[in-house]
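[1] Quick one, fold the following:
(one chain, ligands or ions: 1)
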Amino acid sequence: LAIRCLSVLVCLSLVSGVGLAGIAAAPAPSPSSSLLPDAVRERAAALRDDALAGTRALEIARSLSFEVGPRSAGSPGDRAAVEWGLRTLRGLGFENVHAEKVTVPHWDRGTIAGEILSPWPQPVILASLGGSVGTPEAPAGNGIEAEVVGVPSLAALDQLDPARVQGRIVFYDVKMQRTKDVAGYRDAVPVRGAGASRAAKRGAVAVLIRSIGTGHDRFPHTGAMRYEDGVAKIPAAALAPADADLLAAALASGKPVRFRLRSTARMLPDAESANVIGEIRGRERPDEIVLLGAHLDSWDLGTGGIDDGAGVAIMTEAARRIGAAGNGKLPRPRRPRRTIRVVLFANEEFGTSGARAYAAAHAAELAEHVLAAESDLGAGRVYRLSSGVAPDHLPQIAELAKLLAPLGVSPGDNEAHGGSDVAPLGAAGVPLLDLDQDATSYFDWHHTANDTVDKIDPKEIDQNVAAWAALAYAVADLPGDLGRAPAGKGRE
Ligand SMILES: [Zn+2]
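    Presented below is the predicted three-dimensional model:
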């Protein structure tokens, strides 16, 4: 790794072990000017304030959501999204716009139908979980018909007598809590990924889960699940919240509950997709990269307006504004020292193929990545800046946080792990910054047919752009960098 330093003084003290007191002859710069020079601070503040006056982010999100729409990995929409990304970045004036090939799994949801047969016959609304197998074709396409056993958690299933699970459909009735951060989702979501194999080990024939979300309606919530090797693959589906209530009430009646499930979900051969990349090239150190990421794919039920059309729009527009003249206070474009690279990742939703392909293809270049950041939580307001940097660089982070204070952003901790697309970069030592967003409403719509672009508040998405434009510009134009992230950063 190249040793890059905040200032000559720090560099000397790192390399030689000579403390600041030992080089009294050197004039000591004022700490704030060396951490964030006035020229950088002023331009970053102007980028911030200009964005609050209105940006093109919502227009970009609408374009992706309307012109491409659903774009799950390997689908025709995925290919259309790659074309959209290339066309859009070129049209917005990005440089070095190109696609980098990524192989992605291709899952087809087919059709699904479910009904409670007894004690109260009723069809329900449900969605296959991503990666699920379908129900058997035979006999006569009737699918799976079995008695339902309900459990409130994964742990509760493990405590059930296997005789009560054998040959049955397991219903995991886990209610997600609404939280401002992602804690509610993080706590509830393991049942979606692991529930099928845990139940199959005990002889279950299918699993149903309560949708992992905070909406209360008839929009079921999809998302990735995975099968453990060597365990029977059984179908897995999420019930819309109102239908989960119905099934819970049927179980609470104490009468046997029978359910029929039919699904034609299946895996298809792997397909080709791509990470789409565009840059604002740096004026002094173009090989040093400030990476702004978001994911181009979406689940198929909605149009990916918030997940992650919002993030694509926020990062694209933030970078565009750094490279372009602004609305008034920024009459002339001024390239930052380093390159701003926007990466629109392929297939975040079903196994982060794009993230892994990027980290592998750019492995030799990661020492020159001075920052990796991602926007993937819709367009809710940013309220906190968290970092994942070496502790000796925290004074710089404090200066960056001050820049965002007028946006209502407060300083967070140094425990940032990046989004799932940049986490492998953090694990490789690339410093990470997270702008934590208010997710109070996000999980009402996330991964459902209700994920559409009308859920974006224009003022809120502009506040996101303001924060990222100021932050990314400042890091790209700092005289020094943010060091290397300590080992263990990044959620790989
Ligand atoms: Zn996402």
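
[2] Just give me the residue right at the centre of the protein.
    The centroid of the chain falls nearest to Asp376 when counting by Cα atoms, centre = their mean (3.6 Å).

[3] Surely that one and Glu349 touch.
    No: between Asp376 and Glu349 there is no contact under Cβ atoms under 8 Å: 10.1 Å. Where C-beta positions appear, they are placed from N, C-alpha and C, glycine not excepted.

[4] List the neighbours of stretch 36-45 that are in contact with it.
    For stretch 36-45, the surrounding residues in contact (Cβ atoms under 8 Å, 6 or more residues apart in numbering) are 330, 334, 396, 399-400, 403, 406, 469-471, 473-474, 477-479.

[5] Distance check, the residue nearest to the centre of the chain against Met315.
    Counting by Cβ to Cβ, to the nearest Å, the gap from Asp376 to Met315 is 10 Å.

[6] try Gly167
    According to Cβ to Cβ, Gly167 and Met315 sit 49 Å apart.

[7] Between those two, which is the more surrounded one?
    Each of Gly167 and Met315 has its neighbours counted (other Cβ atoms under 10 Å); Met315 has more, 30 against 12.

[8] Please identify which helix or strand holds the more buried one.
    helix 309-323 (DSSP states H and E).

[9] what's that helix packed up against?
    Helices and strands touching helix 309-323, by 3 or more Cβ pairs under 8 Å, 6 or more residues apart in numbering; DSSP states H and E, are helix 38-52, helix 57-67, helix 76-91, strand 266-280, strand 285-295, strand 338-345, helix 458-477.

[10] Can you add distance to Gly419 and give these back as JSON lines?
    Output for these, formatted as JSON lines (distance: least, Cβ to Cβ, whole Å):
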{"stretch": "helix 38-52", "distance to Gly419": "21"}
{"stretch": "helix 57-67", "distance to Gly419": "17"}
{"stretch": "helix 76-91", "distance to Gly419": "18"}
{"stretch": "strand 266-280", "distance to Gly419": "14"}
{"stretch": "strand 285-295", "distance to Gly419": "7"}
{"stretch": "strand 338-345", "distance to Gly419": "9"}
{"stretch": "helix 458-477", "distance to Gly419": "13"}
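
[11] got TSV for these, with mean neighbour count too?
    What follows is these, written out as TSV (neighbours: other Cβ atoms under 10 Å):
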stretch	mean neighbour count
helix 38-52	19
helix 57-67	21
helix 76-91	19
strand 266-280	20
strand 285-295	24
strand 338-345	28
helix 458-477	25
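
[12] Those: which one's closest to Asp308?
    strand 285-295 (4.7 Å; Cβ to Cβ).

[13] what angle do that closest one and strand 266-280 make?
    Relative orientation of strand 285-295 versus strand 266-280 (axes from the mean of the first three to the mean of the last three Cα atoms, to 10 degrees): 140 degrees.

[14] so what secondary structure elements neighbour strand 285-295?
    Contacts defined by 3+ Cβ pairs under 8 Å, 6+ apart place strand 285-295 against helix 309-323, strand 338-345, strand 369-374, helix 458-477.

[15] Now with 10 Å, please.
    strand 266-280, helix 309-323, strand 338-345, helix 353-361, strand 369-374, helix 423-427, helix 458-477 (3 or more Cβ pairs under 10 Å, 6 or more residues apart in numbering; DSSP states H and E).

[16] Write out the residues of this structure neighbouring the ion.
    307-308, 376 (Cβ under 5 Å from the ion).

[17] Which single one of these is nearest to Thr88?
    Asp308 (14.4 Å).

[18] Confirm for me that the closest one is in contact with Val453.
    No: here Asp308 does not reach Val453: they are 11.8 Å apart, not a contact under Cβ atoms under 10 Å.

[19] one step back: would you reformat the helices and strands packed on strand 285-295 as a markdown table and include mean pLDDT?
    Listed next are those as a markdown table, based on pLDDT from 0 to 100:
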| stretch | mean pLDDT |
| --- | --- |
| strand 266-280 | 98 |
| helix 309-323 | 97 |
| strand 338-345 | 98 |
| helix 353-361 | 98 |
| strand 369-374 | 98 |
| helix 423-427 | 96 |
| helix 458-477 | 98 |
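
[20] Distance to Val40 for these - can I get that in TSV?
    Output for the helices and strands packed on strand 285-295, formatted as TSV (distance: least, Cβ to Cβ, whole Å):
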stretch	distance to Val40
strand 266-280	16
helix 309-323	12
strand 338-345	12
helix 353-361	28
strand 369-374	14
helix 423-427	24
helix 458-477	5
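
[21] before we move on, back to that, send the alpha carbons of the helix holding Met315 over as PDB?
    Only the C-alpha atoms of helix 309-323 are listed here, as PDB (Å, rounded to 0.1, in the frame of the first residue of the first chain):
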ATOM      1  CA  GLY A 309     -33.900   4.100  -8.400                       C
ATOM      2  CA  ALA A 310     -33.500   6.700  -5.700                       C
ATOM      3  CA  GLY A 311     -29.900   5.800  -5.000                       C
ATOM      4  CA  VAL A 312     -29.000   5.600  -8.700                       C
ATOM      5  CA  ALA A 313     -30.500   9.100  -9.100                       C
ATOM      6  CA  ILE A 314     -28.900  10.500  -5.900                       C
ATOM      7  CA  MET A 315     -25.300   9.400  -6.700                       C
ATOM      8  CA  THR A 316     -25.500  10.200 -10.400                       C
ATOM      9  CA  GLU A 317     -26.900  13.600  -9.800                       C
ATOM     10  CA  ALA A 318     -24.400  14.400  -7.000                       C
ATOM     11  CA  ALA A 319     -21.500  13.500  -9.300                       C
ATOM     12  CA  ARG A 320     -23.000  15.300 -12.200                       C
ATOM     13  CA  ARG A 321     -23.200  18.500 -10.200                       C
ATOM     14  CA  ILE A 322     -19.600  18.200  -9.000                       C
ATOM     15  CA  GLY A 323     -18.500  18.100 -12.700                       C
END
